[in-house]
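Peer 1: This is a predicted model, with the sequence first.
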Amino acid sequence: AETSKLAITVALHVADPHRENGSSAWAAAVGQLSLSACLHIFSLASLYTLNNQLAFYVAIQMDPGTIFLFKAANALIVAAIQMLCVGRRFSGEQIRA
């Protein structure tokens, strides 16, 4: 599925009639963003791809009830990642919600 998305995206960028002087989307991004920002975007896109592939694999291997339990815990997982990786603090009211 992700390979299909990538192929469609590349085809649309190559066939884009609004490009000026044959400039590519990559050249435009590098011209406007720092290398660090491009690497962060690439790493997030890679993690998103990995997450989608993992979700697809889990959907094939597990029963629907177990998948529902993991999806219900999604907000808790995101909050835990924000607390551990970003250092974000949550109020008691936010935690209870």
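Peer 2: Structure received.
Peer 1: could you pull out the helices for this protein?
Peer 2: Counting by DSSP state H, the chain has helices at residues 2-14, 25-32, 35-61, 64-72, 74-81, 92-96.
Peer 1: Now do the fifth one and helix 64-72, the angle between them.
Peer 2: If I follow you right, that is helix 74-81. Put simply, helix 74-81 runs at 50 degrees to helix 64-72, going by axes from the mean of the first three to the mean of the last three Cα atoms, to 10 degrees.
Peer 1: what does helix 74-81 contact?
Peer 2: Phe90, Gln94, Ile95 (Cβ atoms under 8 Å, 6 or more residues apart in numbering). C-beta here means a position set from N, CA and C on the backbone, and glycine is covered the same way.
Peer 1: Repeat that for stretch 84-97.
Peer 2: The contact list for stretch 84-97, computed with Cβ under 8 Å, 6+ apart, reads Ala79, Gln82, Met83.
Peer 1: go again using 10 Å as the cut-off
Peer 2: Ala75, Leu76, Ala79, Ile81, Gln82, Met83 (Cβ atoms under 10 Å, 6 or more residues apart in numbering).
Peer 1: I'd like the residues you listed laid out as a markdown table, including neighbour count.
Peer 2: Formatted as a markdown table, the contacts of stretch 84-97 follow (neighbours: other Cβ atoms under 10 Å):
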| residue | neighbour count |
| --- | --- |
| Ala75 | 10 |
| Leu76 | 10 |
| Ala79 | 14 |
| Ile81 | 11 |
| Gln82 | 13 |
| Met83 | 13 |
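Peer 1: In the protein, where is pLDDT below threshold?
Peer 2: Applying pLDDT under 70 to the chain flags residues 1, 15-26, 97.
Peer 1: do that again at 80, thanks
Peer 2: For the chain, the stretches flagged by pLDDT under 80 are 1-2, 10-31, 38, 70-72, 92, 94-97.
Peer 1: would you list the contacts of helix 74-81 in CSV and tack on distance to Phe70 and neighbour count?
Peer 2: Compiled in CSV, the contacts of helix 74-81 are given as follows (distance: Cβ to Cβ, whole Å; neighbours: other Cβ atoms under 10 Å):
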residue, distance to Phe70, neighbour count
Phe90, 21, 12
Gln94, 21, 10
Ile95, 20, 10
